[in-house]
Structure formats: structure tokens, C-alpha cells
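Asks: next input, structure requested:
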Amino acid sequence: ESVRLFHLYAVEYGWDIQQYDVPQAFLRSDADCTIFVYPPNGQSDFPGQILKLSKMLYGSKQAAALWYNLLNSFLLKLGFTASIMDPCFYRRTCMQRVGTDEARSDAIIILHVDDMRVAACPAVLKSIHDQLFQEFQITTSDSGRFLGMDTEYNIKDGFFKMHMATYIDSTVQRFSNFDLSKGIPYRELVGSLMWIVLCVMGTELLRVKDLARRSNNYTMDDYTDALKVLERITSQRGYGIIFRRGGAGREYIPACTRLGGGSDDMESGYSIGDSTEINELEETNLYKLDPLVDDVSLDLKKTLADTNTRFTKVAYTDASFAVGETKQSISGFVILINGTPILWGSLKQTIVVDSTCSAEYVAASVCCKQILQAENMVQFLDFTCPRPYTMYTDSQACLKIATTSSKMGMVRHLEIRYHLVRCIVLSGDIKLSYCITEEMLADLLTKIVATAQDKRLAIRFYNDCVMD
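Replies: As a prediction, this is how the structure comes out:
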């Protein structure tokens, strides 16, 4: 998520992006304890010689941690701050106060072990490069690949594409020529597929997770199924997440009615009611500490960064009721910022529900948590997307229960934590809207849909903006 947010922010402000690598990174940190090693065979100065380490070696347990501490302390000296949500995501605050919609940072860094990407204007980028080179003798990579992902950046047009064609080709070559007489490489193949769907191709997540569940008891038939999924992914190797400058407010608006029937305005019959009422018994807000004390005067509300209209957030939530032998429902969600998917997931619900309405309501609650996570992530970059955030659902029952404080429907048996969606809707942070099932983007993460719908929704998943 941080890697995608890093590129989204850099593309929006038209920053250059450079990739650096630190050669022999683990050998740079001092040993934090006494460690003796035997010299390699043939390299001893005398029989029985042992060596005491002054620097860390690759393979020692604490080498990665010591390297991180060394690099982190240096970046802090340069004025960078690490994100609380992700300690490998850094930003440096601008010295001068800028407008609300302008970047509050002059540089951002995303780090993965000894590989890093830095985004900033050319002058700042050169300064950071010189300081890193002086300290770590970094090398610059122009390959356009980062963590197995291929990247294409047109800074002039504000177009950035992230795909995995090279990694997919290497995966096909690796497993198409595998000698099965040495065993079935099922787990290796599923691991490669999982990396692909978590990085870029989220539309295939449901199929790969089904394969992953068989990892402890697999057969040749399961391996054949995994190869079919790889073949399907290979046919879509050109697909990738697209980041566009100026995508805020241009998100595709799904239809709320089907052609030839239904109400013209699905939201006309719904109201959040009185914000002081919390349930169907017309009880007052149970979260007030004291009815005689005004909550506004209490320092309870989270302080958010200023709203930046250059970024907008939209979410889709869906559920499949009673799937498979265990009859567990599946929640699916997609969180998009400026039409670009930042978070997505397909999760089995941990509670047994007895209706589609309940499953959709639980899925909406899960999606609300992910929206709050995305809010916390962008807070690190010192901005907030305009609220309320729009969250789409294709369940009219879920919509009515979540937006009407006097209705509980058939969800009284659910635990209190799943009513989070009602509290957030009542607070005005999220606007729950209805869209028809045919345009529900999260449908890809809950069930296997028809081919035509799969192709149509897959294109929208990678970028959901309607540009000129």
C-alpha cells in the first residue's frame, strides 16, 4: 500500500522518481555483540585461527535490523520522518508554508531493505543523491523495475503504469520447464502467484487464495489448476495499475438503477435521521460522556490535516453469502484514491450470518476499517481527502440499515463492532451510496463473475477515472 501511495503522490505533483541501491548493505553496520567465526577453508593464517567480527555478515540474525537502524538514523539526520503506519516510508516537510492543495513535503522515500525510491523535484533529488552517495556509495538503477514490478513513467503527461509483465514471463519460464520427477513445486508456484496479485493484479486474488488453501494437502490436479491460473494471468500480462495526474473527482460514477425499472433516485428514501439518536428505541447517543457536557468542548476528536482537493477517495464493498462447504461468507473491498486502487482484499467473515443482508452489512463494516486505514496513511503526507468519502454497496437492505438510525432490520444478532459502519455514517465521514450489482467493482473479490463482467470490471480496477 505504501509503494502505491508513494507513486500516487509523486505522479500527482509531477516529481521525478529515481531508484537507488546500496551495495553490500549488511556489511556496513557495526557488530552489536561479540561474534567469532571460522575463516573459510584455505584462508587461515595459521591452524585453529578464529576471527572476531567488527561488521555484520549476511546470514547473521540481526544483520537486517542493524542495517535498518543505520540507514534510518542517517535519514533522520537529513530531516526525514518515518511513517507510524509503515516505518519504511519517509517524508521531509517543506521549509516554507505552502497552499492547501500544494505538496507539504519536498521529498518522499520508500525503502525495501537496500533498495529505495526517492521522489522530489530535480534540485532536491540531486541534493539527496549526493548525500546518500557520500555516505553509502549508492548506485542508481535505470531498469524501471522495483520489487519485481515494471514501471513506466511519462512525467510530462502525468501517466505512470505499474505492471509485472517481466516477472510473469520469468514465472512462466520457470514452471513450464520444471522437472516434475523431482516433485511438484505447488507451493513455489502459489507463492509467485500470490506476489503478483498482491502487488498489481488484484482481480485474480480470489482464485489465488483458493489455491493457497490447498497448500498443505495438494495433488497433481491442484498443480494443474494453478498452472491454469498462471495461464490466465499471462493472458493479462499487459494489465497494470495506472496512476494519472489530475484524477481527483473524475472517478466513474456507477449506475444506481437498472435500465427500464427502479427508482430514479435510490437515496431519496433514506435519511441518517437525528444524529443524537443511536438506535431504533430513540435512545440518545450512548457515546456521550455526560448529557450535561457538550462533546464539542471535549478534546476527543482526532485532529486531521488540512483537506487537499487534489486527492479524492472512493470505496467499493461487496459480499458473497454462504460460499463453499463451510458456508462462510466472503467480504471484498477496494479503496481507490484518484481512481487508483490503493488497498484491496478478499476476506472470509469470522462470524456466521444467516442472510445476504447480514453478510453485506459485515462487509461494509470491514470496508469502513480499511477506509480509516487509508485515512491514517495519507495523514502521514499531511493531507486529508475531502469528506464524506463515498462507499458503494449493491445491497439496498445494508444501505437502509446503515443510514437510518431507527432501523435495525435482521442484524440485531451481530456483535457491536460490526455496527461501526452506522457510527461512521452518522458522523458524516462516509457517505454510503447504492450501485447496481453489474457495476460493483468489489464483486471481483467475492465471487467468480461472468466473463463479460469480469473483463469490464477488471479494466476499471486498474484505473477508475473518466479522463478527457
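
Asks: use CA for all of it now, contacts and neighbours both
Replies: Fine.

Asks: quick one, helices of this structure?
Replies: Along the chain, the segments classed as helices by DSSP state H run 2-12, 63-77, 122-136, 165-176, 186-199, 205-212, 220-235, 356-379, 396-403, 420-427, 451-462.

Asks: can I get the ones you listed in TSV including mean neighbour count?
Replies: TSV is the format used below for these (neighbours: other C-alpha atoms under 10 Å):
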stretch	mean neighbour count
helix 2-12	21
helix 63-77	16
helix 122-136	14
helix 165-176	15
helix 186-199	19
helix 205-212	20
helix 220-235	16
helix 356-379	22
helix 396-403	22
helix 420-427	20
helix 451-462	16
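
Asks: got TSV for those helices, with mean pLDDT and distance to Gly249 too?
Replies: TSV is the format used below for the helices of the chain (pLDDT from 0 to 100; distance: least, C-alpha to C-alpha, whole Å):
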stretch	mean pLDDT	distance to Gly249
helix 2-12	95	13
helix 63-77	94	35
helix 122-136	94	29
helix 165-176	93	30
helix 186-199	95	25
helix 205-212	93	27
helix 220-235	94	31
helix 356-379	91	17
helix 396-403	83	23
helix 420-427	83	21
helix 451-462	91	15
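
Asks: which one of the ones you listed lies nearest to Gln19?
Replies: Smallest distance to Gln19 across those (C-alpha to C-alpha): 10.0 Å, for helix 122-136.

Asks: and the contacts of that closest one?
Replies: With contacts defined as C-alpha atoms under 8 Å, 6 or more residues apart in numbering, helix 122-136 is touched by 15-16, 22-23, 106-107, 118-119, 138-139.

Asks: just the buried ones from those residues?
Replies: Of the members of the contacts of helix 122-136, the ones counted as buried by neighbours, 16 or more other C-alpha atoms under 10 Å, are 15-16, 22, 106-107, 118-119, 138.

Asks: and those residues, which is closest to Thr171?
Replies: Proximity to Thr171 was ranked across these by C-alpha to C-alpha; first place goes to Val22, at 26.6 Å.

Asks: quick one: the residue nearest to that closest one when sequence neighbours are not counted from Trp67, how far?
Replies: Leaving aside its chain neighbours, Val22 sits nearest to Ile138 (4.7 Å; criterion: C-alpha to C-alpha, 6 or more residues apart in numbering). Applying C-alpha to C-alpha, to the nearest Å, one obtains 14 Å for the distance of Ile138 from Trp67.

Asks: cool, Arg145 as well?
Replies: In terms of C-alpha to C-alpha, Arg145 sits 23 Å off from Trp67.

Asks: check the offset of stretch 332-352 from the chain's centre.
Replies: Using C-alpha atoms, centre = their mean, to the nearest Å, the mean C-alpha position of stretch 332-352 is found 8 Å from that of the whole chain.

Asks: how about low-confidence regions in the stretch 201-350 of the chain?
Replies: With pLDDT under 70 as the threshold, the stretch 201-350 of the chain has low-confidence stretches at 260-302.

Asks: which stretches in the stretch 301-450 of the chain count as strands?
Replies: Using DSSP state E, counting those that start in this stretch, the strands of the stretch 301-450 of the chain run over residues 313-323, 328-337, 340-348, 389-393, 430-434.

Asks: make a markdown table out of those and add distance to Tyr462 and mean neighbour count.
Replies: As requested, those are arranged in a markdown table below (distance: least, C-alpha to C-alpha, whole Å; neighbours: other C-alpha atoms under 10 Å):
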| stretch | distance to Tyr462 | mean neighbour count |
| --- | --- | --- |
| strand 313-323 | 14 | 24 |
| strand 328-337 | 10 | 26 |
| strand 340-348 | 7 | 21 |
| strand 389-393 | 17 | 23 |
| strand 430-434 | 22 | 21 |
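
Asks: could I get those as a markdown table with distance to Ala165?
Replies: A markdown table is the format used below for the strands of the stretch 301-450 of the chain (distance: least, C-alpha to C-alpha, whole Å):
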| stretch | distance to Ala165 |
| --- | --- |
| strand 313-323 | 27 |
| strand 328-337 | 23 |
| strand 340-348 | 19 |
| strand 389-393 | 31 |
| strand 430-434 | 36 |
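
Asks: number of residues surrounding Gly48?
Replies: Other residues within reach of Gly48 by the criterion other C-alpha atoms under 10 Å amount to 8.

Asks: gap between it and Leu57?
Replies: Noted for Gly48: a distance of 21 Å to Leu57, by C-alpha to C-alpha.

Asks: how about Val124?
Replies: When C-alpha to C-alpha is the yardstick, Val124 and Leu57 sit 33 Å from each other.

Asks: again with Arg207
Replies: Taking C-alpha to C-alpha as the criterion, Arg207 is separated from Leu57 by 40 Å.

Asks: what's the answer for Asp464, then?
Replies: When distance is defined by C-alpha to C-alpha, Asp464 is 46 Å away from Leu57.

Asks: same question, Trp344
Replies: Here the distance between Trp344 and Leu57 works out to 38 Å (C-alpha to C-alpha).

Asks: same thing with Ser29?
Replies: Looking at Ser29 against Leu57, where the rule is C-alpha to C-alpha, the gap reads 9 Å.

Asks: again with Met220
Replies: The gap separating Met220 from Leu57 is 41 Å, by C-alpha to C-alpha.

Asks: before we move on, what about Val334?
Replies: Counting by C-alpha to C-alpha, the gap from Val334 to Leu57 is 42 Å.

Asks: what sits against the residue nearest to Tyr223 when sequence neighbours are not counted?
Replies: In space, and not counting its chain neighbours, Tyr223 is closest to Tyr186: 5.6 Å by C-alpha to C-alpha, 6+ apart. Tyr186 makes contact with 215, 218, 222-223, 226, according to C-alpha under 8 Å, 6+ apart.

Asks: nothing else from me, thank you.
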